[in-house]
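Visitor: missing the sequence, but the structure's below:
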């Protein structure tokens, strides 16, 4: 059973158990939750990248001060 077949099976089972209206509502909630999770993930990635960039630039600044101090 492939991934597509599994998803189709779960949707058909949900249709039988919940009915078309409740399944539609549930899928809407799932889609909104997925979108919010992806947005939070993008925010976390950008914040992490900004922290790494700041640490990298700070490290270069400290290294340049050490080189100037050695002369």
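Guide: Sure, I can see it. Since the model is a prediction, treat every value here as computed from it, not as a measurement.

Visitor: give me the element residue 46 is part of.
Guide: Using DSSP states H and E, residue 46 falls within helix 20-70.

Visitor: that helix packs against which elements?
Guide: helix 3-18 (3 or more CB pairs under 8 Å, 6 or more residues apart in numbering; DSSP states H and E). Every C-beta, even on glycine, is put in place using the N, C-alpha and C of the backbone.

Visitor: what's the angle between the helix it packs on and helix 20-70?
Guide: 130 degrees (axes from the mean of the first three to the mean of the last three CA atoms, to 10 degrees).

Visitor: what comes up buried for helix 3-18?
Guide: For helix 3-18, the neighbour count (16 or more other CB atoms under 10 Å) marks no residue as buried.

Visitor: separation between the residue most central in space within the chain and residue 48?
Guide: The structure's the chain has its C-alpha centroid closest to residue 41; by CA atoms, centre = their mean the separation is 2.8 Å. Applying CB to CB, to the nearest Å, the value for residue 41 to residue 48 is 11 Å.

Visitor: got it, and residue 39?
Guide: 15 Å.

Visitor: try residue 9
Guide: Taking CB to CB, one finds residue 9 at 37 Å from residue 48.

Visitor: same question, residue 25
Guide: Taking CB to CB, one finds residue 25 at 35 Å from residue 48.

Visitor: with residue 16 instead?
Guide: Taken as CB to CB, the span from residue 16 to residue 48 is 43 Å.
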